[in-house]
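> Just a sequence and a predicted model for now, questions to come.
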Amino acid sequence: MDLSRVRNFGVVAHIDAGKTTVSERILFDAGVQHRCGNVDEGDTVLDWMAEERARGITITAAASTVPWRDHQLNLIDTPGHVDFTVEVERSMRVLDGAVLVLDGVAGVQAQSETVWRQMQRHQVPGLVFVNKLDRKGADFLRVVRQARQRLGARVRPLQFPLFDNERLSGLVDLLALRTWVFDGDGVRATAQADAVPASCADEVGVLRAELLEDLAGDDETLLEAVTAGRSIVPEVALRALRRRVLARTLVPVLCGAALRNLGIQPLLDAIVDLLPSPLDLPPVIGQDPRNGQRIERSPAADAPACALAFKVQLTPHGDLTFVRVYAGTIVPGSGLWNPRLRQHERVTRVLRIHAEHGQPLERAQAGDIVALVGPRHTATGDTLCTKDAPIVLESLTVPDPVLTLWVEPRSTADRDKLHQALLRLAHEDPSLRVREDADTGRWLMSGMGELHLEVVRHRLQSDFHVACAVGAPSVAYREAPRRPARAEAHVEHAVGAKTIVGDVEVEVQPDPDCVRPEIEWAPGCPVPGEYRPAIEEALRLECHVGPRLGYPLVHARVTVVGARIDRAHDSEVAFVEAATKALRAALEQSGIDLLEPWMRIEVEARAEFASGILNDLSQRRAEVDDVVADGDLRTIHGTVALRRMFGYATAVRSLSQGQAAFSLTPVELRPTGE
Ligand code: GDP
Ligand code: MG
């Protein structure tokens with residue numbers, strides 16, 4: 001496989017913009033055997049869930065391969081709902097480029113901006129596809145202007161839609177000056193070298209000139225041709241555009257209507273022509289687990305194998321571990337090393353997933369995205385590599401859970417089944433934590449929000465056939481030091497005929513940038529090097545159980561500042577005890593705040609419902625930042641304490657006749673003031 005012919009890409013969108021429809025059409029048009037399903041009309045969160053689930057593996061397969069123009073396109077599934085932070089994170093981590101689908105009527109919506117920001121954070125090059133141009137009220141150029149303002153990017157149309165009596169009839173490619181005319185039912189499109197229709201010649205001329213001028217800015221050949229008024233070679237312009245897309249300094253905008261199959265084939269062409277191949281990317285970076293040194297691996301097929309497991313998926317035929325291969329070659333029957341578990345995993349089969357079907361492969365190579373059968377212990381985020389050239393790739397950043405609730409089987413006979421199912425789900429989803437409550441014997445699950453845990457409960461029922469009852473959610477509190485404080489502790493014990501002594505001074509400083517407590521050593525601190533690992537370990541454990549109510553300590557920098565050394569009587573045990581005591585005393589002096597999770601909230605609703613929703617939010621003591629009006633639509637942005645938002649899905653449904661959409665994403669921890 002020639003790597004320059006591979007495209008690993010994803011389709012991202014605000015709910016209902018048409019991500020599912022576009023993805024299905026891509027599979028369909030590329031000729032992948034696939035049932036082209038109908039999409040539900042529902043727009044509430046739970047409808048969305050039912051919809052995604054009814055679709056089965058087709059769209060939720062972590063990656064499907066489609067062939068196009070002699071290229072291999074790996075379509076990576078991105079979540080249907082941006083609340084699933086880890087799902088977004090994992091797909092962004094392995095895709096090389098993305099198509100952002102915008103609704104031709106609604107334009108740039110709250111979650112379009114959110115996913116766009118995520119793409120920028122992961123430096124993912126993108127194209128924009130303005131969908132639903134067949135709908136009344138759609139306006140391509142208005143959406144382009146909006147994208148330019150709200151995405152903060154250099155956004156330029158690459159196509160222009162054609163209408164025949166207000167019916168979307170085709171599109172013009174502004175670079176090639178080629179016209180795509182859709183036939184009656186829009187199933188097939190034929191590229192014709194038609195002249196641009198006179199009705200839109202002016203607009204096309206202006207948009208093309210603007211695009212070329214932009215591209216000529218850093219392309220000598222193009223600049224000469226443009227200034228001399230010579231005709232532009234389409235391939236030269238396309239190459240210039242590709243460079244700009246890869247550098248993320250220009251975002252081309254395409255158009256169409258996925259539901260009518262309009263514009264999908266030119267979109268596939270653009271994915272091939274403009275999005276990066278694995279060779280266009282910098283080498284992947286990891287760490288040598290033996291010495292922590294930084295290693296780079298280029299995507300060479302003959303390098304030692306290294307792959308990132310980005311999703312573990314349960315299927316009726318066994319577990320699939322989806323991996324992106326970053327270097328080397330994986331063949332069925334080979335063994336791979338999991339450096340986190342320090343364990344060998346056997347690969348029995350390597351599958352390319354075409355929609356619903358897995359096609360066995362003889363090998364997978366650098367740049368590929370495939371599913372492995374065989375690994376049993378590897379979890380989402382793990383690296384698989386060779387034992388003699390071990391590497392740990394940067395894992396997925398998994399945020400800490402913000403919400404906990406208990407779950408119990410309806411029938412006690414199912415207790416074991418529930419336990420197994422929970423472990424299984426936590427293995428698949430690193431943002432789900434599961435533990436047994438020592439007092440009640442109940443299982444507690446913690447996750448990213450009510451919706452997240454609702455999906456888990458749903459899956460326990462539908463995938464594992466365990467009917468469960470769940471308790472009321474409670475938020476995951478944390479503790480944090482209030483003021484800097486210092487304390488010294490001295491311990492002395494008689495052990496047999498000997499006296500052992502430890503004496504340590506510890507300082508605690510509040511630091512909101514420390515998500516987990518940092519343990520540090522002051523320069524010149526006399527604690528002997530051989531005691532330090534044990535002391536660090538003990539201090540970390542001590543921090544895990546917060547001093548006030550036992551919630552984990554965060555936002556703290558703990559420094560061992562001093563010690564009194566008495567070579568004759570020093571001992572590690574005594575030093576560990578002294579350090580722990582000193583930390584407790586320092587925390588006592590510092591005072592402890594109880595922190596709770598705050599969420600970013602976005603609610604989108606028609607204008608008539610906005611004041612009711614705002615009233616309700618103010619009763620929940622939300623801080624509303626702004627309300628953006630766009631036609632009849634209002635988008636409310638703000639922040640609010642998670643504990644005041646329980647049951648919000650139901651509340652907002654009754655406030656909006658079921659028509660508002662909302663999302664809640666964790667942003668920060670704040671003192672409860674108690
Ligand atoms: P997703 O939530 O982003 O996956 O959006 P879906 O693909 O589920 O589509 C949401 C709704 O928009 C469905 O009712 C689709 O039938 C409809 N839809 C999608 N694409 C188009 C289009 O091109 N034109 C029109 N008129 N409707 C569309
Ligand atoms: Mg969908």
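The structure has been received and is ready for your questions. Numbering: from 1, shown residues only. Ligands and ions are numbered 1, 2, ... in the order given.
> name the helices or strands packed onto the longest strand along the chain?
If you go by DSSP state E, the chain has its longest strand at strand 592-606. Applying 3 or more CB pairs under 8 Å, 6 or more residues apart in numbering; DSSP states H and E, one finds that strand 592-606 contacts helix 110-121, strand 478-481, helix 607-619, strand 633-641, strand 661-671. In this view, the C-beta of every residue, glycine as well, is placed from N, C-alpha and C.
> want to throw these into a markdown table with distance to residue 593, mean pLDDT and mean neighbour count?
Shown next, in a markdown table, are the helices and strands packed on strand 592-606 (distance: least, CB to CB, whole Å; pLDDT from 0 to 100; neighbours: other CB atoms under 10 Å):
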| stretch | distance to residue 593 | mean pLDDT | mean neighbour count |
| --- | --- | --- | --- |
| helix 110-121 | 29 | 85 | 19 |
| strand 478-481 | 5 | 94 | 24 |
| helix 607-619 | 25 | 96 | 16 |
| strand 633-641 | 14 | 92 | 18 |
| strand 661-671 | 4 | 86 | 18 |
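> In TSV, list those along with distance to ligand 2.
TSV is the format used below for these (distance: least, CB to the ion, whole Å):
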stretch	distance to ligand 2
helix 110-121	12
strand 478-481	35
helix 607-619	23
strand 633-641	20
strand 661-671	13
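> Export those to a markdown table and append columns for distance to residue 557.
Listed next are the helices and strands packed on strand 592-606 as a markdown table, based on distance: least, CB to CB, whole Å:
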| stretch | distance to residue 557 |
| --- | --- |
| helix 110-121 | 26 |
| strand 478-481 | 9 |
| helix 607-619 | 35 |
| strand 633-641 | 26 |
| strand 661-671 | 16 |
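> of all these, which lies closest to residue 578?
With CB to CB as the measure, strand 478-481 is the member of those nearest residue 578 (19.7 Å).
> Just give me how far whichever helix or strand comes after the closest one sits from the chain centre.
With elements assigned by DSSP states H and E, the helix or strand that comes after strand 478-481 is strand 485-495. Centre-to-centre, strand 485-495 and its host chain are 46 Å apart (CA atoms, centre = their mean, to the nearest Å).
> any chance you could map the strands in the stretch 401-550 of the chain?
Taking DSSP state E, counting those that start in this stretch, the strands of the stretch 401-550 of the chain run over residues 403-409, 433-436, 443-447, 468-470, 474-475, 478-481, 485-495, 498-510, 518-521.
> what's the shortest one packed up against?
Using 3+ CB pairs under 8 Å, 6+ apart as the contact definition, the elements that strand 474-475 packs against are strand 403-409.
> what's around the spatially closest residue to residue 334 that is not a sequence neighbour, how many residues?
The shortest distance from residue 334 to any non-neighbouring residue, by CB to CB, 6 or more residues apart in numbering, is to residue 347 (5.5 Å). Neighbour count for residue 347, taken as other CB atoms under 10 Å: 21.
> Would you agree residue 366 is in contact with residue 304?
No: applying CB atoms under 8 Å as the test, residue 366 and residue 304 come out as separate, 10.7 Å apart.
> How about the secondary structure of residue 399?
Reduced to three states with DSSP: H, G, I helix; E, B strand; the rest coil, the structure at residue 399 is coil.
> can you tell me which residues contact it?
Counting by CB atoms under 8 Å, 6 or more residues apart in numbering, residue 399 touches 85, 86, 431, 448, 666.
> Just flag the most distant two among the residues you listed.
Longest span within the contacts of residue 399, CB to CB: 86 and 666, 11.5 Å.
> Now for these two: what residues contact both?
399, 448.
> where's residue 143, which helix or strand?
helix 140-150.
> do you know which of the strands of the stretch 401-550 of the chain lies nearest ligand 1?
strand 443-447 (22.1 Å; CB to the nearest ligand atom).
> now the closest one, how far from the centre of its chain.
21 Å.
> which residues touch that strand?
401-408, 418-419, 422, 431-437, 453, 456, 476.
> Narrow the residues you listed to just the buried residues.
Neighbour-count burial (16 or more other CB atoms under 10 Å) applied to the contacts of strand 443-447 gives 401-408, 418, 422, 431-434, 453, 456, 476.
> which regions of the stretch 51-200 of the chain sit below the pLDDT cut-off?
51-61, 80-83, 85, 184-195 (pLDDT under 70).
> swap the cut-off to 50 and go again
In the predicted model, the stretch 51-200 of the chain carries pLDDT under 50 at residues 55-59.
> ok, which stretches of it are strands?
63-68, 71-76, 97-103, 126-131, 155-157, 159-164, 167-173, 178-182, 189-192.
> Can you say which of those is nearest to ligand 1?
Per CB to the nearest ligand atom, nearest to ligand 1 of the strands of the stretch 51-200 of the chain: strand 126-131, 4.9 Å.
> Quick check: closest non-adjacent residue to residue 224.
The nearest residue in space to residue 224 (CB to CB, 6+ apart) is residue 230, at 7.7 Å.
> My error: substitute residue 31 in the last question.
Of all residues not flanking residue 31 in the chain, residue 67 sits nearest, at 7.4 Å (CB to CB, 6+ apart).
> Ok, residue 428 next?
Residue 428's closest residue in space is residue 312 (CB to CB, 6+ apart), at 4.8 Å.
> again, but for residue 644
Excluding its sequence neighbours, the residue lying closest to residue 644 (CB to CB, 6+ apart) is residue 620, at 4.2 Å.
> okay, now residue 657: neighbour count?
For residue 657, the neighbour count with other CB under 10 Å is 11.
> One more: residue 334?
Neighbour number of residue 334 under other CB under 10 Å is 16.
> doesn't residue 345 make contact with it?
No: counting by CB under 8 Å, residue 334 sits too far from residue 345 to count as a contact (9.8 Å).
> Verify the stated contact: residue 464 with residue 419.
No: in this structure, residue 464 is not within contact of residue 419 by CB under 8 Å, at 10.7 Å.
> Looking at this structure, which residue is nearest ligand 2?
Closest contact between the chain and ligand 2, by CB to the ion, is at residue 20 (3.2 Å).
> And what about that residue, helix, strand or coil?
Look at residue 20: counting by three-state DSSP, its state is helix.
> quick one: it from residue 343, how far?
Distance, residue 20 to residue 343, by CB to CB, to the nearest Å: 37 Å.
> neighbour count winner among the two?
residue 20 (24 against 13).
> got a pLDDT number for the more buried one?
pLDDT recorded at residue 20 is 84.
> just to revisit the earlier point, flag every buried residue along the helix holding residue 143.
Buried-residue list, helix 140-150, by 16+ other CB under 10 Å: 140, 143, 144, 146, 147, 148, 150.
> Does the second one touch residue 102 like I think?
Right, the one you point to is residue 143. Yes: the pair residue 143 / residue 102 is scored as a contact, 5.6 Å apart, by CB under 8 Å.
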